[in-house]
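# what follows is a predicted structure for the sequence shown.
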Amino acid sequence: QVQLVESGGGLVQAGGSLRLSCAASRRTLSTYAMGWFRQAPGKEREFVATITWSGGTPFYADSVKGRFTTSRDNAKNTVYLQMNSLKPEDTAVYYCASGPRATTMPETYDYWGQGTQVTVSS
């Protein structure tokens, strides 16, 4: 059973930073695209960022562009989401996912982490 485990969430004040990590077991992430999604209470899951298996130019949602950066360390089988200049509207459960292609559509990813809570206070 493939497992993706996110970590690094927490409570931060507006303007602060957090770095999320997504580590995999029983799957070598180096051959898979990785995506980040988030879901706020009462809202649908939304795309945040994606990165190809090779770490090529990531793609971001407009709402996080210029503030969030995703990267990967295939040697550590880990993907990261650096979140800067956080806003209260970034509050959500953040999920990482792996799949064959780097897309914005959650249905194209076949394995998901359990999620980590990010709360940004005003």
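Alright, I've got the coordinates.
# most remote residue from this protein's center?
Farthest-out residue of the chain from its mean C-alpha position, per CA atoms, centre = their mean: residue 122, at 22.3 Å.
# who's the residue minimising distance to the centre of the chain bridged to?
Taking CA atoms, centre = their mean, the centroid of the chain lies closest to residue 36, which sits 2.9 Å from it. Taking DSSP bridges as the rule, residue 36 bridges to residue 49, residue 96.
# quick one, what contacts it?
Each residue near residue 36 by CB atoms under 8 Å, 6 or more residues apart in numbering is listed here: 20, 22, 47-50, 70, 81, 94-97. (Glycine included, C-beta is placed from N, CA and C.)
# hmm, back to that, quick check: phi and psi at the nearest residue to the residue farthest from the centre of the chain once chain neighbours are set aside.
Leaving aside its sequence neighbours, residue 122 sits nearest to residue 88 (CB to CB, 6 or more residues apart in numbering; 4.8 Å). Its backbone dihedrals place residue 88 at phi -60, psi -30, with angles given as degrees, to the nearest 10.
# against residue 112, how distant is residue 18?
Look at residue 18 and residue 112: by CB to CB, to the nearest Å, they are 20 Å apart.
# coming back round to it: thinking the residue farthest from the centre of the chain is in contact with residue 12, fair?
No - no contact is recorded between residue 122 and residue 12 when judged using CB atoms under 8 Å, the distance being 11.2 Å.
# any buried residues in stretch 10-28, and which?
Buried residues in stretch 10-28, defined by neighbour count with 16 or more other CB atoms under 10 Å: 12, 18, 20-24, 27.
# to clarify, my last question referred to stretch 103-118.
In stretch 103-118, the ones that count as buried by 16+ other CB under 10 Å are 106, 109, 111-113, 115-116, 118.
# what is residue 72 paired to in the beta sheet?
Here residue 72, judged by DSSP bridges, has bridge partners residue 79.
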